[in-house]
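Engineer: Build me a structure from this.
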Amino acid sequence: MKYVILVSHGHFASGLANALGMLAGDRKDLIACGLEDGKSADQFAIEFGKAIEPITDQDEILMLGDILGGSPLTTAANVISEKGLAAKTRAIGGMNLPLALTALLMKDAMDLDALKESILMEAKEAMKEFAFAASDEDDEEDV
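Structural biologist: You can find the predicted model right below:
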């Protein structure tokens, strides 16, 4: 099985998992774990280790973190390495909803490296300015 794992500071990962559930349904292949305020990286490592217990060396992982180089992502990467799963894991920092949704929906349609490239492209394309139409007040002043 391919898993998508979300890691973050605070409740971002669990909130994103909730939003993904609204869009893609509840999934057993989605794991979310956050480094809560006041907890140490060591405590997070223990919680993360428990969260990934179902994952075996036959599985693959796409791990998404909120900040590249942040404690949640680096700690999770260390736990994954200790479990011997690093070779079957790809990790990306800067997660957002379009990136995570694409990862979850497309993960079984391509290999791990192609998936990584696809979701990076999707995330970049999703980042655009929302342009507001001229307000009604502006239109009335022009009359």
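
Engineer: In this structure, what residue spans correspond to strands?
Structural biologist: Counting by DSSP state E, the segments of the chain that form strands are 2-9, 30-35, 60-65, 89-93.

Engineer: Among those, which comes closest to L115?
Structural biologist: Put simply, out of these the one that sits nearest L115 is strand 60-65, at 6.2 Å, with distance taken as CB to CB. Where you see a C-beta, it was placed from the backbone N, CA and C, and this is true even at glycine.

Engineer: What strands flank that closest one, and is each parallel or antiparallel?
Structural biologist: strand 2-9 (parallel), strand 89-93 (parallel) (DSSP bridges).

Engineer: could you give me the average pLDDT of the shortest one?
Structural biologist: What it means is strand 89-93. Over the span of strand 89-93, the pLDDT mean works out to 95.

Engineer: So for the most centrally placed residue in the chain, what's the pLDDT?
Structural biologist: Taking CA atoms, centre = their mean as the criterion, L64 is the residue nearest the geometric centre of the chain, at 3.4 Å. Predicted confidence (pLDDT) at L64: the value is 97.

Engineer: List the contacts of it.
Structural biologist: Contacts for L64 were tallied using CB atoms under 8 Å, 6 or more residues apart in numbering; they are 4-7, 91-93, 95, 99-100, 103.

Engineer: What about the nearest residue to E36 once chain neighbours are set aside, how many residues nearby?
Structural biologist: Spatial nearest neighbour of E36, chain neighbours left out: G10 (6.6 Å); criterion: CB to CB, 6 or more residues apart in numbering. Residues near G10, counting by other CB atoms under 10 Å, number 13.

Engineer: Please renumber the chain so that the first residue is 485 from this point on.
Structural biologist: Renumbered: residue one is now 485, and that last one reads G494.

Engineer: returning to that earlier point: I'd like to know which of the strands of the chain lies nearest to A593.
Structural biologist: Set against A593 and scored by CB to CB, the strands of the chain come closest in strand 486-493, at 10.1 Å.

Engineer: hmm, back to that, redo the strands of the chain as JSON lines? Include distance to A617.
Structural biologist: What follows is the strands of the chain, written out as JSON lines (distance: least, CB to CB, whole Å):
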{"stretch": "strand 486-493", "distance to A617": "34"}
{"stretch": "strand 514-519", "distance to A617": "36"}
{"stretch": "strand 544-549", "distance to A617": "34"}
{"stretch": "strand 573-577", "distance to A617": "34"}
